[in-house]
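K.L.:
I would like the atomic coordinates for the input below:
(chains A, B, C and D)
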Protein chains: 4
Amino acid sequence: VPEPIQECSEVRFRVRYAETDQMGVVYHANYLVWCEMARTELCRLRGVAYRDIEKTDGIIMVVAEARLRYHKAARYDDEIVARGWLQHAHTRMITFRYEISTEAGDLLLTGETQHLFLNKDGRPIKVPEKYRPLFGLK
Amino acid sequence: VPEPIQECSEVRFRVRYAETDQMGVVYHANYLVWCEMARTELCRLRGVAYRDIEKTDGIIMVVAEARLRYHKAARYDDEIVARGWLQHAHTRMITFRYEISTEAGDLLLTGETQHLFLNKDGRPIKVPEKYRPLFGLK
Amino acid sequence: VPEPIQECSEVRFRVRYAETDQMGVVYHANYLVWCEMARTELCRLRGVAYRDIEKTDGIIMVVAEARLRYHKAARYDDEIVARGWLQHAHTRMITFRYEISTEAGDLLLTGETQHLFLNKDGRPIKVPEKYRPLFGLK
Amino acid sequence: VPEPIQECSEVRFRVRYAETDQMGVVYHANYLVWCEMARTELCRLRGVAYRDIEKTDGIIMVVAEARLRYHKAARYDDEIVARGWLQHAHTRMITFRYEISTEAGDLLLTGETQHLFLNKDGRPIKVPEKYRPLFGLK
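P.N.:
All right, here's what the predicted structure looks like:
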C-alpha cells in the first residue's frame, strides 16, 4: 500500500495591484493562478520540479475540473498564504486540494482541481511509473 | 409566477496570445474571464448594464462558487463563442451556467458560477426589487 | 522598391471586468495585450496568420522594446478600438505603432513596439524571405 | 536641497505558469506587473504603504508613460529579482527605473515608468506635501 501523502505546500506572497479589479478586491480568476502556485510547490516539496516533467518527458498535466468556494475577498498588498495538498491519486486522475488565506488567518478560498496526464499527442495516459511516488502511487 | 428566463447570451472573440501558456493552449484560469464576459452580456440582453448596478446602487454581485469542467483546449487565434444563461435564481443567490466552444463547434468548457449580492458594507442582501426582473424574480 | 505599407488593422472589443483594477480603470499592462491583438490582426490583413509563422517555420517574433503613452483611462464595458500599423521595417527589426481609443473617439494610448525574429535556437535572424512582403520588405 | 534618494527595492518570486505564453517564456506584458511590484516595495521601504495613499487621501498615481527594453526571456519557475528605484522626482511627475533579472544574474528587462498624481476628480495635482519626503522632494 502506498504511503498516504500528507504533505502540504505553502507559498507566501503579496497581492499585486494587477490582481485587483474595480470592486477593490482580487479578481476571482486569480485564485486559480494561486492554486497552481501551491501545486507547483507541492511537486517541488516531493522532489520533482513540475517543469521537468514537461521538459524531460513531454508529458503535461492538464486541468480537467476545478471547484472553487470563495469565502472572503483579498485586497491589494494583503499577505497571502496558499496551501495545497494531494486529495486523491489514481493512476489516471490526480486531485489536489487548496486552502488560501491571509497571513492574518482569514480564510479566502477553498477548492479542488482534478488533473489528467496527456502524452505528446494529447492522449490521456496513466501517470508514468517514475512519477508515481510523487503522488504516493505504486 | 415570474417568466422563466431562457435567454442565452453569446460573445464572440479570438484567443489572445496573452491567454496562452507554455503548453501552447489557453491557460485554464482565463475561462473564468470568458464566463464573466458571457454574464455581462446576458445582463445587457436583459436590459441592464451590469456596470450600472455597481455604479448606481453601490451593489456588487460577487462570486461565491465556481465549477468548471474542461473538455478541450483552445489555442491562440481560435475563434471562441462564450454562451451564458441563468440556471437558478433565488432572492439571495443567482446561478449562471456557461458553455464555451470554438466557432467550429468543439466544446471547450462547461461551468457554473453562483453569486451573492453585497451592499456597500459588504453584507449579503436580497436582490434589490428593481433588478428582480433581470433575473426573472418577482 | 517595395510598396510602402499603409494598411492599418482594427480590432473592436469591450473592456473585460478582469482588465480593471482597484482604481476603477483598465490596468496599464493590459494595453500591451491590446497592442498585440492589433498586431495579430495586421498580419492577418496582410495575408499571414501569425500563428502559422510560429507553427510552420519555428520562428518567433519577440518584443525587444515597448514605448507606451497613456492619454486617458478606459473603463469596464467601454467599447475599444485598437489600431496597429507598420512604422518601420528592416530585415532584422520591425517596428509597429498603435493607437487605442474608445469607440466614442477618446484617445487612450499611443505606443510602439520593436520586434526581432529568432530561430529555434533563440538566435536573431533576418526576416525570412517568404515573410518579407508581409512587412513590405524586398 | 532634498536628499537624493538612492534606495533600491527588491522583490523576489518565481515565474508563475500563468505568466508564460506559447513561446514557452514569460509573456511580455507581465514585466509591467513586476515593475509595479518593485514600485510598491520601494514606497514601503521609504515608509509609505502605497495602498494608504489611495485609501487615506483619495489620490491615485497613474502611469503616464512606460518604456521597456527586453534583454532576455524568463521561463516558468525561474527565480526572479525585480528592483526599482526613483530616477527623477518633480512635484508633478515621478519617474521610476527598474531592473529585472534572474536570481542567477541574467538581465531580463530594464525600463522606466513616469507617473502623475490625480485627485478624486481625475485632475493632475502636485505631489501632496505629506508625500514629498517619500520621493525626496521638499
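
K.L.:
and the lowest-mean-pLDDT helix or strand in chain A, what does it pack against?
P.N.:
Least confident helix or strand, chain A: helix A:50-57 with a mean of 88, by mean pLDDT, DSSP states H and E. Here helix A:50-57 touches helix A:30-45, strand A:60-70, going by 3 or more C-beta pairs under 8 Å, 6 or more residues apart in numbering or on different chains; DSSP states H and E. No exception for glycine: its C-beta is placed from N, CA and C like everyone else's.

K.L.:
can you list those in TSV and add distance to chain B?
P.N.:
Formatted as TSV, these follow (distance: least, C-beta to the nearest C-beta, whole Å):
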stretch	distance to chain B
helix A:30-45	4
strand A:60-70	5
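
K.L.:
so which strand or helix has residue A:109?
P.N.:
According to DSSP states H and E, residue A:109 maps onto strand A:107-118.

K.L.:
that strand pairs with which strands?
P.N.:
Strand A:107-118 sits in its sheet next to strand A:60-70 (antiparallel), strand A:94-102 (antiparallel), strand A:124-125 (antiparallel), going by DSSP bridges.

K.L.:
could I get these as TSV with mean pLDDT?
P.N.:
Below are the strands paired with strand A:107-118 laid out as TSV (pLDDT from 0 to 100):
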stretch	mean pLDDT
strand A:60-70	97
strand A:94-102	97
strand A:124-125	96
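
K.L.:
now mean neighbour count too, for those, in TSV please.
P.N.:
Output for the strands paired with strand A:107-118, formatted as TSV (neighbours: other C-beta atoms under 10 Å in any protein chain shown):
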stretch	mean neighbour count
strand A:60-70	20
strand A:94-102	21
strand A:124-125	13
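
K.L.:
show residues contacting stretch A:54-61.
P.N.:
With contacts defined as C-beta atoms under 8 Å, 6 or more residues apart in numbering or on different chains, stretch A:54-61 is touched by A:50, A:53, A:94, A:115-120, A:125, A:128, B:22-23.

K.L.:
got the buried residues for stretch A:116-125?
P.N.:
A:116, A:117, A:118 (16 or more other C-beta atoms under 10 Å in any protein chain shown).

K.L.:
same question but for stretch A:28-45, I mixed them up
P.N.:
Quick answer for stretch A:28-45 (16+ other C-beta under 10 Å): A:28-43, A:45.

K.L.:
so which of those reach chain C?
P.N.:
residue A:29 (C-beta under 8 Å from any C-beta of the partner chain).

K.L.:
which intervals of chain A have sub-threshold pLDDT?
P.N.:
A:1-5 (pLDDT under 70).

K.L.:
the residue nearest to the spatial centre of chain A and residue A:117, how far apart?
P.N.:
Compute the mean C-alpha point of chain A, and by C-alpha atoms, centre = their mean the closest residue is residue A:39, 2.9 Å away. In this structure, residue A:39 lies at 14 Å from residue A:117, with C-beta to C-beta, to the nearest Å as the measure.

K.L.:
can you classify the closest residue to residue A:8 other than its chain neighbours by secondary structure?
P.N.:
Spatially, and ignoring its direct neighbours in sequence, residue A:8 is nearest to residue A:85 (4.5 Å; C-beta to C-beta, 6 or more residues apart in numbering or on different chains). Following DSSP: H, G, I helix; E, B strand; the rest coil, residue A:85 is assigned to strand.

K.L.:
I'd like to know how far residue A:85 sits from chain B.
P.N.:
To chain B, residue A:85 is 20 Å away according to C-beta to the nearest C-beta, to the nearest Å.

K.L.:
pretty sure that residue contacts residue A:9?
P.N.:
Yes: counting by C-beta atoms under 8 Å, residue A:9 is a contact partner of residue A:85 at 7.1 Å.

K.L.:
intersection of neighbour lists for these two?
P.N.:
residue A:42.

K.L.:
from what I can see residue A:93 touches residue A:116, true?
P.N.:
Yes: when contacts are counted by C-beta under 8 Å, residue A:93 is listed as touching residue A:116 (6.3 Å).

K.L.:
now do the shared contacts for these two.
P.N.:
residue A:64.

K.L.:
and residue A:32, what does it touch?
P.N.:
Counting by C-beta under 8 Å, 6+ apart, residue A:32 has contacts A:66, A:68, A:113, B:28, B:29, B:32.

K.L.:
switch the cut-off to 7 Å
P.N.:
A:66, B:28, B:29, B:32 (C-beta atoms under 7 Å, 6 or more residues apart in numbering or on different chains).
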